[in-house]
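K.L.:
kindly generate the corresponding structure for this input.
(one chain, ligands or ions: 2)
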Amino acid sequence: LFAGPVDFVKGVVAMSGLPPADRLEICFAGRSNVGKSSLINALTGRKALARTSNTPGRTQEINYFDVGEKLFLVDLPGYGFAEAPVAVVRQWQALLKSYLSGRATLRRAFVLIDMRHGIKKVDEEILDLLNKAAVTFQVVLTKADKISAAQRDKTLDQVRKALAKHPAAYPELLVTSSEKGEGIATLRAIIATMQ
Ligand code: GTP
Ligand code: MG
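P.N.:
Ligands and ions are numbered 1, 2, ... in the order given. Next up is the predicted model:
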């Protein structure tokens with residue numbers, strides 16, 4: 001699936017701007033700065049397809065990427081703290097929630113969690129929303145290169161416990177590093193089975 005072309009389709013700022021729901025899509029959600037855009041670049045092998053930054057709040061629109069005209073990859077704005085004007089943040093958070101609970105062709109939401117931090121209260125709110133909307137979600141742990149093996153186990157444990165109360169959670173946790181490539185091939189393979 002990822003051997004073919006991947007193209008940027010459009011940046012969306014309102015539900016009315018979403019592209020036609022003519023194929024499956026998967027999205028990447030998570031707190032600001034968790035590594036959503038970096039993961040899309042790692043998956044597609046394109047360094048600067050999705051814009052990344054050290055500044056939380058880089059992605060401010062719902063960005064659509066087309067993979068081989070078979071699947072949309074959707075890069076979402078982050079939630080939680082973002083270095084952007086309050087009114088703008090409010091607007092994109094509302095859009096994010098509408099999108100996550102109202103997109104019929106959304107096959108799975110990958111919810112990214114920074115391996116150093118685990119699941120926080122803002123993450124729980126998103127998990128609740130996905131659960132209520134009956135959107136299957138799967139947790140992807142990011143930035144695995146930044147922590148020790150002991151810390152890994154601790155986070156995995158915390159996340160497993162937090163997910164136990166969410167029936168819409170896909171049980172397999174994915175440990176990734178966009179920097180070092182860990183877990184990327186596995187995630188590609190999972191996505192390839194969805195087309
Ligand atoms: P917003 O669009 O602001 O919500 O952020 P985002 O979730 O898209 O994060 P982004 O991909 O822009 O990455 C944020 C920062 O984390 C950047 O400086 C990345 O280089 C860094 N980063 C992302 N993934 C990894 C990783 O696997 N390892 C390390 N060490 N750094 C990473
Ligand atoms: Mg981003």
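K.L.:
now residue 188. Nearest residue, chain neighbours left out?
P.N.:
residue 2 (5.5 Å; CB to CB, 6 or more residues apart in numbering). In short, each C-beta sits where N, CA and C put it, glycine included.
K.L.:
name all residues that make contact with that neighbour.
P.N.:
43, 44, 45, 67, 188, 191, 192 (CB atoms under 8 Å, 6 or more residues apart in numbering).
K.L.:
roughly how far does it sit from ligand 1?
P.N.:
18 Å (CB to the nearest ligand atom, to the nearest Å).
K.L.:
next, count neighbours for the closest residue to ligand 1 within the chain.
P.N.:
Residue nearest to ligand 1 within the chain (CB to the nearest ligand atom): residue 78, separated by 2.5 Å. Using other CB atoms under 10 Å, residue 78 is surrounded by 28 other residues.
K.L.:
what sits against the closest residue to it other than its chain neighbours?
P.N.:
In space, and not counting its chain neighbours, residue 78 is closest to residue 32: 3.1 Å by CB to CB, 6+ apart. By CB under 8 Å, 6+ apart, the contact list for residue 32 reads 56, 57, 58, 77, 78, 79, 80, 81, 82.
K.L.:
filter these down to the buried ones.
P.N.:
56, 57, 58, 77, 78, 79, 80, 82 (16 or more other CB atoms under 10 Å).
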